[in-house]
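Enquirer: sharing a model prediction with you, sequence too.
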Amino acid sequence: MSNSNAMHSRTNPKLLGFALILAAILAFPACWVTSINPLYEEWSVDQPHEDPDLVFDQGLIGSWSKAEDKCVTLLAIEAKDQVYDLQATDQGEGCAEADKPTHTQARLVKLDNHYFFDISPINDDVCDMCRAVHNIFLVKMDKTTLSLTPIDSDWLKKSIAAKTPNLATLSGDTDTITASSKDLKAFCRKFADDARVFGPEMAETFIRTH
């Protein structure tokens, strides 16, 4: 996986992408797909109102946990002005960086019948001249479980090489999507039910603790 100089934060942009988002919570073996643009359309002259696909679900707020290999990840989700605040901490002898908290923000996007998290660094972690990276997760939730599934990096790389789908990425780095928010939405709508793209084996499931 190549790194791009097109995005910079106060730390490595990949770390401020997927790794910083949930640290060891989602320790996927593959590379991480990030997007320069969010999954929602931001306020602008052409978009003077809030994106209608942005939604809010009170049910996400609370405490969640995931246990694996003697490492327990605690995920606390709060919200302010319909923006979710995510704070995660790993505890246990099996954790790579135990007791080192991470702090990110997220917005919930509903596309047709599917929900997605757009997770990005909190504003204080992005320098004035920098652009935050975004990570997209398919979200499935009920009263007791929360499942987050990322875009499969290997599938995306092979599909971009075959020119299907038509999704813009950095040259030589298919893990960095440069497509517009509109095109990214179209992609998620089209492939939300495709197990090759949002594969069940990539999903990480958390249990509600409070």
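Expert: Nice, thanks for sending it over.

Enquirer: tell me where this structure has helices.
Expert: Applying DSSP state H to the chain gives helices spanning 20-22, 153-161, 181-191.

Enquirer: output those in TSV, with distance to Ala88 appended to each entry.
Expert: (C-beta placed from N, C-alpha, C; glycine too.) Converted to TSV, the helices of the chain look like this (distance: least, Cβ to Cβ, whole Å):
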stretch	distance to Ala88
helix 20-22	5
helix 153-161	21
helix 181-191	24
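
Enquirer: so which of those helices is the most surrounded?
Expert: helix 20-22 (a mean of 25; mean count of other Cβ atoms under 10 Å).

Enquirer: coming back round to it: wait, which of the helices of the chain is closest to Ile122?
Expert: Closest to Ile122 of the helices of the chain, according to Cβ to Cβ: helix 20-22, at 9.7 Å.

Enquirer: now for the helices of the chain, which one comes closest to Thr89?
Expert: helix 20-22 (10.6 Å).

Enquirer: same question for the closest one, mean pLDDT?
Expert: For helix 20-22, mean pLDDT is 48.

Enquirer: stretch 136-145 too?
Expert: Here the average pLDDT along stretch 136-145 is 96.

Enquirer: got the buried residues for it?
Expert: The neighbour-count check on stretch 136-145 (16 or more other Cβ atoms under 10 Å) flags 136-139, 141 as buried.
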